[in-house]
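Visitor: I need the structure of the sequence given here:
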Amino acid sequence: MSEETQKSAYRVLARKYRPSNFDDLIGHEAMVRTLSNALDSGRLAHAFVLTGTRGIGKTTTARIIARGLNCIGEDGNGGPTVHPCGVCDNCKAIAEDRHQDVLEMDAASRTGVDDIRELIDGVRYLPINARYKIYIIDEVHMLSKNAFNALLKTLEEPPEHVKFIFATTEIRKIPITVLSRCQRFDLKRVDADTLKDYFSKIAEKENASVDEDALALIARAAEGSVRDGLSLLDQAIAHGDGTVTAEQARDMLGLADRTRMLDLLEFIFAGNVAEALGILRNQYDRGADPVVIIQDLLELTHWLTTIKVTPDSASTAALGSSDIERAGAMAGKLNMPVLARAWQMLLKGLEEVRQAPMAIAAAEMVLIRLAFASDLPSPEDLAKKIESSNSSEHSISGGTISTPSGGTSARAGTNGVSAALAVSNPTPHQKAEANNAPRRICQSYLIARLKISQPNNQISL
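Guide: Residues are numbered from 1 along each chain as shown. Predicted structure coming up:
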């Protein structure tokens with residue numbers, strides 16, 4: 001085989017390392033245990049539905065189940081097992097997608113009742129070589145309503161030699177009448193630590209040198225999807241020509257530096273607008289997407305909030321130990337209302353950045369608003385200040401109003417004459433109080449609203 005042919009025959013990592021048995025499948029131990037117990041006790045269902053997000057192994061799991069049900073072992077005398085041998089004729093044929101008794105159907109392209117009628121017509125025939133005739137229907141939620149109705153009777157009482165395995169990302173779109181006839185398995189997202197360890201093993205097999213921080217970035221960007229993570233790892237290895245650093249992975253993913261994001265958030269909470277905008281522009285010039293920057297700030301804000309509530313959650317972020325200690329100190333200085341307000345402003349700003357014609361300009365405006373709002377008092381502190389201000393006013397209203405140097409003083413009397421004289425010749429202090437009247441009306445309104453929203457707090461007008 002020539003060198004060009006060898007290069008053209010390259011298989012991407014997501015296909016090259018597709019699991020062929022349950023031992024290679026990561027993150028789905030509960031399903032494996034259920035199937036193992038069902039096979040041992042002979043309580044095997046006739047229909048399964050696998051649901052979960054993209055790239056977590058639904059179709060792969062369906063094929064492994066098909067292999068396990070039809071495996072005959074190396075000696076040809078084996079029975080159904082959760083550990084298919086991989087060497088018998090049935091295992092090899094199913095792995096190569098050429099077994100005549102294991103039929104895969106893509107419901108996204110074959111959605112009609114005629115396609116299901118064709119499937120039903122073949123159900124009554126016995127399998128040719130295998131123990132069971134297995135129908136794998138991928139993206140089953142794409143079937144039409146009439147197609148589902150046509151499948152119901154066969155799905156409820158199929159022949160003993162038939163098994164159905166459905167895979168879907170939209171479980172809620174499947175009629176309940178279909179779900180009630182199936183054994184359901186929810187395949188969950190794989191956590192970042194498990195993905196990181198898995199990618200490290202793959203990189204070692206590929207003779208690639210990948211930094212721990214780069215693996216953590218790729219695992220976090222995969223969002224629980226093994227296939228997405230393997231695709232990113234494949235791209236990163238090609239990008240770095242076999243050597244991948246955290247900086248290269250960050251540039252490839254279009255991510256901002258997490259440490260710099262912590263700097264940015266610290267400058268925002270300190271009200272330092274110039275430094276915050278400088279970091280934002282620097283990350284933007286290095287290729288970071290403004291939407292991703294706002295998302296990172298949202299994630300860090302959430303992380304700081306959880307540290308405030310549960311300090312043990314500090315170790316869950318993909319940051320160095322020094323940054324984790326720094327974040328813990330930052331969370332200790334910030335109070336909960338400030339963090340909650342930052343979360344709300346960033347969440348609203350994220351939509352603005354997504355919809356704005358100039359994303360970087362919208363992101364700058366979000367940071368400016370957040371920085372100027374950082375030193376505003378919380379509603380509770382504001383209510384306390386207003387309450388103390390009103391109490392001081394009440395103490396003045398019954399006493400003497402004095403004027404500065406050389407002025408006269410008048411005491412409020414019961415007939416209001418002295419008060420009228422004082423008002424007819426207002427002092428500078430009285431003028432300032434008159435100018436502040438609208439503000440005090442707004443403050444009274446705020447206290448009234450706080451009384452409604454927080455009836456248990458003792459707030460007085």
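Visitor: With just CA atoms, put stretch 84-91 into CSV.
Guide: Extracted in CSV, the C-alpha atoms of stretch 84-91 (Å, rounded to 0.1, in the frame of the first residue of the first chain):
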residue,chain,number,x,y,z
PRO,A,84,-19.5,-10.3,23.4
CYS,A,85,-16.5,-12.2,22.3
GLY,A,86,-15.8,-10.1,19.2
VAL,A,87,-14.4,-13.1,17.2
CYS,A,88,-17.5,-15.1,16.3
ASP,A,89,-19.1,-14.7,12.9
ASN,A,90,-22.1,-12.8,14.3
CYS,A,91,-19.9,-10.3,16.3
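Visitor: How about residues contacting stretch 271-288?
Guide: With CB atoms under 8 Å, 6 or more residues apart in numbering as the test, stretch 271-288 has contacts from 251, 254-257, 260-261, 263-264, 267-268, 290, 293, 360, 363-364, 367-368, 371-372, 374-375. Using the backbone N, CA and C atoms, a C-beta is placed for each residue, glycine as well.
Visitor: Return the subset of these lying in helices.
Guide: The helices, defined by DSSP state H, take in 251, 260-261, 263-264, 267-268, 290, 293, 360, 363-364, 367-368, 371-372 from the contacts of stretch 271-288.
Visitor: Can you say which two of the residues you listed are spatially most distant?
Guide: Farthest pair in those (CB to CB) is Asp251 and Phe372. Separation: 32.1 Å.
Visitor: got the domain boundaries for this structure?
Guide: 3-186, 192-253, 258-372, 380-397+417-461 (automatic domain parsing).
Visitor: still on that earlier bit, list buried residues within the ones in helices among the contacts of stretch 271-288.
Guide: 260-261, 263-264, 267-268, 290, 293, 360, 363-364, 367, 371 (16 or more other CB atoms under 10 Å).
Visitor: Is it possible to get a markdown table of those residues that adds distance to Ile64?
Guide: A markdown table is the format used below for those (distance: CB to CB, whole Å):
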| residue | distance to Ile64 |
| --- | --- |
| Arg260 | 43 |
| Met261 | 40 |
| Asp263 | 46 |
| Leu264 | 45 |
| Phe267 | 51 |
| Ile268 | 49 |
| Pro290 | 42 |
| Ile293 | 40 |
| Ile360 | 47 |
| Ala363 | 45 |
| Glu364 | 50 |
| Leu367 | 49 |
| Ala371 | 53 |
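Visitor: Out of these, which is nearest to Ala147?
Guide: Nearest member of those to Ala147, counting by CB to CB, is Pro290, at 43.8 Å.
Visitor: can you tell me which helix or strand Thr301 belongs to?
Guide: Assessed by DSSP states H and E, Thr301 sits inside helix 290-309.
Visitor: Sorry, slip of the keys, the one I care about is Ala216.
Guide: Assessed by DSSP H and E, Ala216 sits inside helix 212-222.
Visitor: list the helices and strands that helix packs on?
Guide: helix 192-205, helix 226-240, helix 246-253 (3 or more CB pairs under 8 Å, 6 or more residues apart in numbering; DSSP states H and E).
Visitor: Grab the CA positions of it and hand them over as CSV.
Guide: Presented in CSV, the C-alpha positions along helix 212-222 are these (Å, rounded to 0.1, in the frame of the first residue of the first chain):
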residue,chain,number,x,y,z
GLU,A,212,-3.0,18.2,31.2
ASP,A,213,-4.4,21.7,30.9
ALA,A,214,-5.1,21.2,27.2
LEU,A,215,-6.9,17.9,28.0
ALA,A,216,-9.0,19.8,30.6
LEU,A,217,-10.0,22.5,28.1
ILE,A,218,-11.0,19.9,25.5
ALA,A,219,-13.0,17.9,28.1
ARG,A,220,-14.8,21.0,29.2
ALA,A,221,-15.5,22.1,25.6
ALA,A,222,-17.0,18.6,24.8
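Visitor: In that helix, which residues have enough neighbours to count as buried?
Guide: Asp213, Ala214, Leu215, Ala216, Leu217, Ile218, Ala219, Arg220, Ala221, Ala222.
Visitor: now swap in stretch 159-170 and tell me
Guide: Neighbour-count burial for stretch 159-170 [16+ other CB under 10 Å]: His161, Val162, Lys163, Phe164, Ile165, Phe166, Ala167, Thr168, Thr169.
Visitor: want to throw the buried ones among the ones in helices among the contacts of stretch 271-288 into CSV with distance to Leu277 and pLDDT?
Guide: Formatted as CSV, those follow (distance: CB to CB, whole Å; pLDDT from 0 to 100):
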residue, distance to Leu277, pLDDT
Arg260, 13, 84
Met261, 14, 85
Asp263, 13, 89
Leu264, 9, 91
Phe267, 9, 91
Ile268, 10, 91
Pro290, 12, 92
Ile293, 12, 91
Ile360, 10, 93
Ala363, 10, 94
Glu364, 6, 94
Leu367, 6, 93
Ala371, 9, 89
